[in-house]
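**Q** Okay, predicted coordinates and the sequence, questions at the end:
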Amino acid sequence: MDNYKKTIMKDKNITSIISRRQFVKGIAAGIAAVQVIPGSILGLNGATSPNEKLNIAGIGVGGQGHGDINNMNTENIVALCDVDWSYAAGTFKQYPNAKRYKDYRKMFDEQKDIDAVVVATPDHHHFFASMYAIKNGKHVYCEKPLTHSVWEARELAKAAREKKVATQMGNQGQASEETRRLCELVWDGAIGNVYEAHIWTDRPSNGLFNEYWPQGVTRPKETPPVPETLDWDLWIGPAPMRPYNPIYAPFRWRGWWDFGTGALGDIGCHSFDPVFRALKLGHPLTVEASSSRVNEETYPLASMVTYRFPARGSMPPLKFVWYDGGLRPPRPEGLPEGARMGEGGHLLVGDKGFMLGNRVYPEKRRKEYQDPPKTLPRSPGHYQEWIQACKGGKPAGSNFDWAGPLAEVVLLGNIALRVKLREELTYHKMEWDPEKLQIKNVPEANKFIRREYREGWTI
């Protein structure tokens, strides 16, 4: 998506002339306890000197957030927020000097030394936690998918651009060698003009035991007591209130419409990214979907979502199909017997051959084709990209000007799966107008572009 605008940081000519040690020494003379000084004091417009450490806060630190924080432990971890202190106990123990919170709104009100925030909550909190951080001038790393709704993705990218904060979405593969190599191969014409793309995953289930999270189920009737360590009201947050059940928290919330974004939201921002970069994709023209039976509580067990993209420069129009729940495209003609499609992957089809992953087929085409040289800059690492951007470096590879539009496309697919639209969308495709942020030909679908929030949750 080279046509997406990049956020530009303009602090290149500003360098810190006072070291952290000198600064703290100057203001803390005679004080026994040395305070941690926010890095923003040492730079301008929120930028931190490259030689200084960021003061980072984590929101949602019991699961994925624990790993995210550990990948940033070269910096100062000064605050940790989680609604379940038992689930987050391991992270609390690892960073004993970080202040602890249950409500991130209170954290932003009370703690002023924070430079940057890592958001790894359930999906329905992504927008609120990230927007609170941005409005407070904090740099933001937010796990995928960027938001719970299409409107939220647009608003979050806009706010980050206006506040000039450094951002990154947690689709770690965007920084990989495989992503860059796919771009180099496609742009070199390894399989000619690409006119179809197929992406698939085995999630939400893995075999008979549904090891990831439940989908295609209804709301449980049981109402067990809330664990003493969990603040259920805060966990629900902006979503409609319902009784506690362990089928939602701490992990299995992804398949529920009110909290997660299903298999497409979970994996789409990972697996769409390299294909979007290689094929320079932007907004789709149309979206359509088919699935197993769906209800108003959870996403379907399996689905197929088809997007149609217009021509981009010399690249032809593209049919782009997503599959989940163990569905996958048919084996392409020319794939050798015994070669596996895999439980998840991507297939690009061109007029000179096809690519399964980054491997060119058929065999005849691969033998006659010479791989191109490496021309794209390689990444210092997904997390390091963001840390450097926070300190005035170039924008991270999945900054919100890139991640916002990508998340919009992913989340549009979920609108096409809504039970209330299922019959209507058997008659036609949804036509998307990205400028007006609306579906042109199915007015009743537009209510799913933006969700309603529970009373008391405004921003």
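**A** Nice, I can see it.
**Q** Show me what the strand or helix carrying Phe276 packs onto, helices and strands only.
**A** Element membership of Phe276, judged by DSSP states H and E, is helix 262-279. Using 3 or more C-beta pairs under 8 Å, 6 or more residues apart in numbering; DSSP states H and E, the elements in contact with helix 262-279 are helix 177-187, strand 194-200, strand 303-309, strand 318-323, strand 345-350, helix 400-415. Where C-beta positions appear, they are placed from N, C-alpha and C, glycine not excepted.
**Q** just so I know, which of these lies nearest Val165?
**A** helix 400-415 (8.9 Å; C-beta to C-beta).
**Q** Strand 318-323 and the closest one, what's the angle between them?
**A** Between helix 400-415 and strand 318-323, the angle comes out at 70 degrees (axes from the mean of the first three to the mean of the last three C-alpha atoms, to 10 degrees).
**Q** contacting residues for Lys352?
**A** Counting by C-beta atoms under 8 Å, 6 or more residues apart in numbering, Lys352 touches Gly189, Ala190, Ile191, Gly192, Asn193, Arg365.
**Q** Which helix or strand lies directly C-terminal to the helix holding Phe276?
**A** strand 286-291.
**Q** residues of stretch 283-294 that come out buried?
**A** By 16 or more other C-beta atoms under 10 Å, the buried positions in stretch 283-294 come out as His283, Pro284, Leu285, Thr286, Val287, Glu288, Ala289, Ser290, Ser291, Val294.
**Q** do stretch 369-379 as well
**A** Those buried within stretch 369-379 under the rule 16+ other C-beta under 10 Å are Tyr369, Ser379.
**Q** to the chain's geometric centre, what's the distance from it?
**A** Centroid displacement of stretch 369-379 relative to its chain, using C-alpha atoms, centre = their mean, to the nearest Å, is 26 Å.
**Q** Can you pull out the residues in contact with it?
**A** 175-177, 180-181, 183-185, 187-188, 190, 360, 385, 397.
**Q** And those, which of them are buried?
**A** Ala175, Ser176, Arg180, Arg181, Cys183, Glu184, Leu185, Trp187, Ala190, Val360, Glu385, Gly397.
**Q** of those, closest to Ser303?
**A** Looking across the buried ones among the contacts of stretch 369-379 and measuring by C-beta to C-beta, the closest to Ser303 is Ser176, at 26.5 Å.
**Q** which residue is nearest the centroid of the protein?
**A** Lys144 (2.0 Å; C-alpha atoms, centre = their mean).
**Q** Can you give me the pLDDT of that residue?
**A** Looking at Lys144, its pLDDT reads 97.
**Q** try Ile31
**A** pLDDT, Ile31: 31.
**Q** In contact with the residue nearest to Met241 when sequence neighbours are not counted: list those residues for me.
**A** Closest residue to Met241 apart from its sequence neighbours, by C-beta to C-beta, 6 or more residues apart in numbering: Arg454 at 6.5 Å. Arg454 is in contact with Ile236, Gly237, Pro238, Ala239, Pro240, Met241, counting by C-beta under 8 Å, 6+ apart.
**Q** Pull out the buried positions in stretch 100-109.
**A** Of the residues in stretch 100-109, Arg100, Tyr101, Lys102, Asp103, Tyr104, Met107, Phe108 count as buried by neighbour count, 16+ other C-beta under 10 Å.
**Q** From these, which land in strands?
**A** Under the assignment DSSP state E, the buried residues of stretch 100-109 contribute Arg100, Tyr101 to strands.
**Q** I'd like to know how far Thr218 sits from Arg418.
**A** Distance from Thr218 to Arg418, counting by C-beta to C-beta, to the nearest Å: 16 Å.
**Q** Those two - which one has more neighbours?
**A** Using other C-beta atoms under 10 Å, the more surrounded residue of Thr218 and Arg418 is Arg418, with 19 against 10.
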